[in-house]
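Asker: give me a 3D structure for the following:
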Amino acid sequence: MAQKAVDMNQIKQVRQLRQDGVPIKEIVRRTGISRKTVKKYLRKMEIIDEDDSTSLPASDKELAAVVYNSDDTVIRGKRFEALLAHFEQARKELHKTGVTKQLLWIEYCQQQEDPYRYSQYCYLFRKYLKDTDPAFHWEYIPGEFLQADFAGKKLSYVDKQTGEVIECEVFVGVLPFSGLIFCIAVPSQRTADFAHCTNEHLKYIGGVTKTLLVDNFKTAVKRADKHEPAFTDLCDQLAEHYNTTFSATRPMSPRDKAMVENAVNIVYTHIYAHLRNNVFHSIESLNHHIRLHLDALNQKPYKNSSESRLDIFMRQEQPVLKPLPPETFRVKKGKQVTVQSNYAIQLTDNMHYYTVPYQYVGYKVWVSYDSRTVEVFCQNERIAFHVRSSNEPKFNRIHEHMPSNHQHMVELRGWTVEQLLQKAGWVGEYTRQAADRLLHSSIYPEQNYKACHAMIRLQDSYGKDRLEAACRRAANVPRPTLKMVRNILKTGLDKQPLLFDEDQIEQEEQLPDHNNIRGPENYK
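Answerer: Reported below is the predicted structural model:
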């Protein structure tokens, strides 16, 4: 075991006593330092005393450099200055793919006549990086942001049918304040999988932070930039759905996401290591076991503390999270299209058509759609909304999107006998009878839909009462026509009294009650 260093005040006291002519034996008695140690320190301090025995004592740092052979003191010269100049360039090169310290040392040796050995080169390089790139201590705020990244090492499962080993990407997220970790395996880093990871992560913590900090992977960031990164449409959709914002780390700056980098290493130790001897046959089974070890990790108390990550999260962080929206986020596709002359847009995924208001024919619109809905926007205003289903027609039409003449055409095609008779019945009983005889005046009632509808619409011009009177005048006609009813109204015959009134005749033909009439009781 190395001997404990002597306090600097005692060393200066030894030096002062020696300069005052005190013998070594007396110095040992006064300071309590061993004779051998006193001699060793005095021998090292002779370097200072030989220059000027009456000079003031050197500073603690200079004195320590002489007495303890401190590595902080480096004899500078042309050789060392050349090394520092090399380190300035090597520091930038070290982050590039495939560049190692050994490669940089080889290049350094080729440029210098008297280079440092590899071990000393690495030691001085580490010290240079430490001195020129100090770390900043972050003070995290509860609920401020979460950090997310994909782990470098993958997990896998075995397909039962083929025996193929299928590798999975592992998504890791962490809340920096409490240290609560989340982990899930997904097939890839594609859009749908990243959206699923984000959904599950926010569902796991039961809320939303103000910012989601991600690395510069392609699914989230389409253009990396130190000051103004450009995010993908997926991140914009996620931010809008969860009422949050996205932020990206600076390129080649792992310290920006130090917490998630550390979380990945913790996941390696506490999850990967426990699963190394297990064989899974589905990604669902793999995620089930990941969740078991993840819960155990978050419930494990910190070292020298009685609280776990979960305890700190539940006590300080979860209460300040923003609430989750009522529905889970679904990935939406988006594209710009031109409204066709049939006032509809077409989606390429199933080649189905969806209408918009006919006034937007020829406009360029933005279509946002998923498996359930289709939304059409023009100048940032939503102009159409369709609900999608598995059995929807090829042409999806909304009645209000059509001009009036097209609405009439669709109404004709969509009518049935029952619907027309119901419309006629709203006018009156004679109108219903006339419509019934008109529809069944030919073998195919569909041939008379237009005429029947036109007869019913005569109420718009003449009123319900007159139309009912006209149909009553035509009640005895076996096959009434639209022209007949229209002529009755046009000539005003509906206002003329009938030559005979069936209701009045029936009333006159009824015999008055008298005693000679036998009733049903007489035939029992």
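
Asker: what's the first helix or strand after the biggest strand by length in the chain?
Answerer: Using DSSP state E to define each element, the chain has its longest strand at strand 165-174. Scanning forward in sequence from strand 165-174 by DSSP states H and E, the next helix or strand is strand 181-186.

Asker: and the angle from the longest strand of the chain to strand 181-186?
Answerer: 150 degrees (axes from the mean of the first three to the mean of the last three Cα atoms, to 10 degrees).

Asker: buried stuff in strand 165-174?
Answerer: Buried residues in strand 165-174, counted by 16 or more other Cβ atoms under 10 Å: 166, 168, 169, 170, 171, 172, 173, 174. Where C-beta positions appear, they are placed from N, C-alpha and C, glycine not excepted.

Asker: and for stretch 304-313?
Answerer: Buried residues in stretch 304-313, counting neighbours by 16+ other Cβ under 10 Å, are found at 308, 309, 310, 311, 312, 313.

Asker: from the residues you listed, which ones fall inside helices?
Answerer: Counted as lying in helices by DSSP state H, out of the buried residues of stretch 304-313, are 309, 310, 311, 312.

Asker: would TSV of these with pLDDT be doable?
Answerer: As requested, these are exported to TSV (pLDDT from 0 to 100):
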residue	pLDDT
309	91
310	92
311	92
312	91
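
Asker: against which helices or strands is the host helix or strand of residue 85 packed?
Answerer: Residue 85 is located in helix 78-93, with elements delineated by DSSP H and E. Applying 3 or more Cβ pairs under 8 Å, 6 or more residues apart in numbering; DSSP states H and E, we find helix 78-93 packed against helix 101-111, helix 118-132.

Asker: hang on, the earlier thing: residue 146: which of the buried residues of stretch 304-313 is nearest?
Answerer: Residue 146 lies nearest to residue 313 out of these, by Cβ to Cβ, at 11.2 Å.

Asker: could you chop the protein up by domain?
Answerer: What the record gives for the chain is the domain set 8-67, 78-132, 145-320, 333-403, 415-507, from automatic domain parsing.

Asker: now do the contacts for the residue nearest the centre of the chain.
Answerer: For the chain, residue 238 is the residue whose C-alpha lies nearest the centre (Cα atoms, centre = their mean; 3.5 Å). Listed by Cβ atoms under 8 Å, 6 or more residues apart in numbering, the contact set of residue 238 reads 195, 198, 212, 244, 246, 329.

Asker: which ones among these map onto strands?
Answerer: Among the contacts of residue 238, the members falling in strands (DSSP E) are 212, 246.

Asker: mind giving me the PyMOL command for buried ones among the contacts of residue 238?
Answerer: Command for PyMOL that selects the buried part of the contacts of residue 238, burial taken from 16+ other Cβ under 10 Å:
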select buried, resi 195+198+212+244+246+329
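
Asker: how about residue 377, secondary structure?
Answerer: Secondary structure, DSSP: H, G, I helix; E, B strand; the rest coil: residue 377 is strand.

Asker: gap between it and residue 325?
Answerer: 20 Å (Cβ to Cβ, to the nearest Å).

Asker: ok, now residue 441?
Answerer: 59 Å.

Asker: also residue 144?
Answerer: Distance, residue 144 to residue 325, by Cβ to Cβ: 20 Å.

Asker: which one's more surrounded, these two?
Answerer: Shown here are residue 144 and residue 325; by other Cβ atoms under 10 Å, residue 144 has more neighbours (15 against 12).

Asker: tally of neighbours for the closest residue to the more buried one other than its chain neighbours?
Answerer: Excluding the flanking residues, the one nearest residue 144 by Cβ to Cβ, 6 or more residues apart in numbering is residue 210, at 5.7 Å. Per other Cβ under 10 Å, the neighbour tally for residue 210 reads 16.

Asker: was I right to think residue 210 contacts residue 245?
Answerer: Yes - with contact defined as Cβ atoms under 8 Å, residue 210 counts as touching residue 245 (6.9 Å).

Asker: what count of nearby residues applies to residue 473?
Answerer: The local packing of residue 473 (other Cβ under 10 Å) involves 20 other residues.

Asker: so what's it up against?
Answerer: The contact partners of residue 473, by Cβ under 8 Å, 6+ apart, come to 488, 493, 494, 498.

Asker: mean pLDDT lowest for which of the helices and strands packed on helix 78-93?
Answerer: Among these, helix 118-132 carries the lowest mean pLDDT, at a mean of 82.

Asker: and that helix, how far out from the chain middle?
Answerer: Centre-to-centre, helix 118-132 and its host chain are 42 Å apart (Cα atoms, centre = their mean, to the nearest Å).

Asker: stretch 336-352 too?
Answerer: For stretch 336-352, the distance to the chain centre is 27 Å (Cα atoms, centre = their mean).

Asker: so that it lines up with my notes, have the first residue be 32 from now on.
Answerer: Right, with 32 as the first residue, what we last looked at is stretch 367-383.

Asker: export only the CA atoms of it, formatted as CSV.
Answerer: Presented in CSV, the C-alpha positions along stretch 367-383 are these (Å, rounded to 0.1, in the frame of the first residue of the first chain):
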residue,chain,number,x,y,z
GLN,A,367,-50.4,17.0,-52.0
VAL,A,368,-52.9,16.3,-54.7
THR,A,369,-55.1,18.2,-57.2
VAL,A,370,-58.9,18.0,-56.9
GLN,A,371,-60.2,16.3,-60.0
SER,A,372,-63.1,17.4,-62.1
ASN,A,373,-65.4,15.0,-60.3
TYR,A,374,-64.6,17.1,-57.1
ALA,A,375,-62.8,14.1,-55.6
ILE,A,376,-59.2,13.1,-54.7
GLN,A,377,-57.7,9.6,-55.1
LEU,A,378,-55.5,7.8,-52.6
THR,A,379,-52.8,5.6,-54.0
ASP,A,380,-52.9,3.0,-51.2
ASN,A,381,-56.3,1.6,-52.3
MET,A,382,-57.1,3.7,-55.4
HIS,A,383,-60.4,4.9,-53.7
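
Asker: since that was my last question, I'll sign off now.
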